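>>> when you get a sec, could you give me coordinates for this:
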Amino acid sequence: MPPMAAAVGNGEDQRNVAHYVLSLSGSAHDSLRAQLGKEKYVACGACHGSKGEGNTALGAPRLNDKIWLHGVGEEAIAAMVNGGKINQMPAQEGKLTEAQIQVLSAYVWSLSNRPSPAKP
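Modelled structure (predicted):
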């Protein structure tokens, strides 16, 4: 996620957007701030969806659930809007053996490739 401060506005606007994002998931928020932040959320909605439904193709997580990947609350969300987030897994070479890397890779692959449950 690139820094979005320029698109969202000043610090007050960022805090308002944070409360709007909190409102999408039913988390504790200031309803007046959320109402003020809704219009500015349009910049976020381009990737996260107009209702916070997310977009996996873009790597934009859902905002309308209660799963917070990088911290919850006004301060954490405003910091994300202001600074953005570039997720990158650090290199593991030298930390894991080749066998450990293969086992870990197979495990991670299995998490998204589980067989469907058998139907009776």
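
>>> show me the shaky parts of this protein.
Applying pLDDT under 70 to the chain flags the ranges 88-90, 116, 118-120.

>>> what segments of it are helices?
5-8, 11-24, 31-40, 42-48, 74-83, 98-111 (DSSP state H).

>>> make TSV out of those and add distance to Pro61 and mean neighbour count.
In short, each C-beta sits where N, CA and C put it, glycine included. As requested, the helices of the chain are exported to TSV (distance: least, C-beta to C-beta, whole Å; neighbours: other C-beta atoms under 10 Å):
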stretch	distance to Pro61	mean neighbour count
helix 5-8	18	16
helix 11-24	11	22
helix 31-40	18	16
helix 42-48	8	18
helix 74-83	11	18
helix 98-111	16	10
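
>>> need these in a markdown table (columns: distance to Gln92).
Formatted as a markdown table, the helices of the chain follow (distance: least, C-beta to C-beta, whole Å):
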| stretch | distance to Gln92 |
| --- | --- |
| helix 5-8 | 33 |
| helix 11-24 | 33 |
| helix 31-40 | 39 |
| helix 42-48 | 29 |
| helix 74-83 | 26 |
| helix 98-111 | 7 |
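
>>> I am finished for the moment; much appreciated.
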